[in-house]
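Participant: return a 3D structure for these sequence lines:
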Amino acid sequence: MNVFDEYIAYLKDNPEGYWFKRKLYGWGWTPARWQGWAITFVYLVFVFWWVSIFAQNAQAADNTLSVLLPIIGATLLFLIITWKTGEAPKWQWGKPRQNGE
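Facilitator: Numbering: from 1, shown residues only. Presented below is the predicted three-dimensional model:
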């Protein structure tokens, strides 16, 4: 079984139905269900769309705050959704052991 197959098996082992599971390495989450992928997609589309609006209008982009505030707000909303619908975050390095250690 290769690493990719193990990672897919880890994401599918989701009896609680979390939208986001802990990353296998480090701190954070990764989408585990279609809802998590949809929220991630919507967030990325919004950020790219918002930046492209200001990339087309150089005068409006001079005001950095007007570019960054909506992105910061969307990021905070994304993190809140991830926190509420995901596993409790903790530092993890590799697949959790079965015996709880």
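
Participant: what's near enough to touch the nearest residue to Y7 once chain neighbours are set aside?
Facilitator: Nearest residue to Y7, sequence neighbours excluded (Cβ to Cβ, 6 or more residues apart in numbering): L24, at 6.5 Å. Using the backbone N, CA and C atoms, a C-beta is placed for each residue, glycine as well. Contacts for L24 (Cβ atoms under 8 Å, 6 or more residues apart in numbering) come out as Y7, Y10, Q92, W93, G94, K95.

Participant: derive a PyMOL selection command for the buried subset of the residues you listed.
Facilitator: Here is the PyMOL selection string for the buried members of these, based on 16 or more other Cβ atoms under 10 Å:
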select buried, resi 10
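
Participant: what are the boundaries of the helices in the protein?
Facilitator: Assigned by DSSP state H, the chain shows helices spanning 3-12, 34-56, 58-61, 64-85.

Participant: tell me which residues in the first one are buried?
Facilitator: Spelled out, it's helix 3-12. Within helix 3-12, the residues that qualify as buried are Y10, L11, counting by 16+ other Cβ under 10 Å.

Participant: sketch out the low-pLDDT regions of this structure for me.
Facilitator: 1, 58-62, 97-101 (pLDDT under 70).

Participant: hang on, the earlier thing: can you lay out the helices of the chain as TSV showing distance to Y18?
Facilitator: As requested, the helices of the chain are exported to TSV (distance: least, Cβ to Cβ, whole Å):
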stretch	distance to Y18
helix 3-12	10
helix 34-56	8
helix 58-61	38
helix 64-85	7
